[in-house]
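Chemist: Below is the sequence, then the predicted model.
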Amino acid sequence: MYLSMKTEWIKFLAITAILVILVTLLGVYAYRANSETCQQGYLLRNESQLLREKLRDSQESFLQMEAQWHSCGNVSRDLKENLEKMTSHRDSLLSELQKLKGENQNLAEKLRNVEADLQMEREKRNQEETSSAPPGPWTYSLLMGLGLAITLLL
């Protein structure tokens, strides 16, 4: 009777300890996930993704305009009749092409800046994680697995 009660008491303490550890780990995880650095990383990643999409769109527009410009340059029939029309059209395409080139350069520069900021944030976060003593998530999962194994053995 006494041995059975002692075993039940040990099981109860083990389960309570595991629950306390799990709740503590959950709290640490939630705190880290809601940290300012983590939130800034998400914002920078989203901004970087938007800039990449804009850059891709402007590059596609640039290629379409360039293809259209080349096709306009290849038109040879009725050149005398359409010379003014073709010249004005080509000039507008060239100005649009220059505008798109400038936009491409601006977007590429913004993307480089955002990627540099994101890299700095990653390095900052890595330095903070290595300097702050709490163990990584894999340690928590090992502890949880060990606690589960102990519970199953009891």
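Modeler: Sure thing, it's come through.
Chemist: any idea of the mean pLDDT in whichever strand or helix holds Y31?
Modeler: If you go by DSSP states H and E, Y31 is part of helix 2-33. Helix 2-33 carries an average pLDDT of 86.
Chemist: Would you mind pulling up the elements that it packs against?
Modeler: Applying 3 or more Cβ pairs under 8 Å, 6 or more residues apart in numbering; DSSP states H and E, we find helix 2-33 packed against helix 137-153. Just so you know, the C-beta spots here come from the backbone N, C-alpha and C atoms, and that holds for glycine as well.
Chemist: ok, the residue most central in space within the chain - contacts?
Modeler: Among the residues of the chain, the one closest to the centroid is R45, at 3.7 Å (Cα atoms, centre = their mean). Contact analysis of R45 by Cβ atoms under 8 Å, 6 or more residues apart in numbering lists L118.
Chemist: For it, give its distance to L55.
Modeler: Distance from R45 to L55, counting by Cβ to Cβ, to the nearest Å: 15 Å.
Chemist: Also Q119?
Modeler: From Q119 across to L55, the span is 18 Å (Cβ to Cβ).
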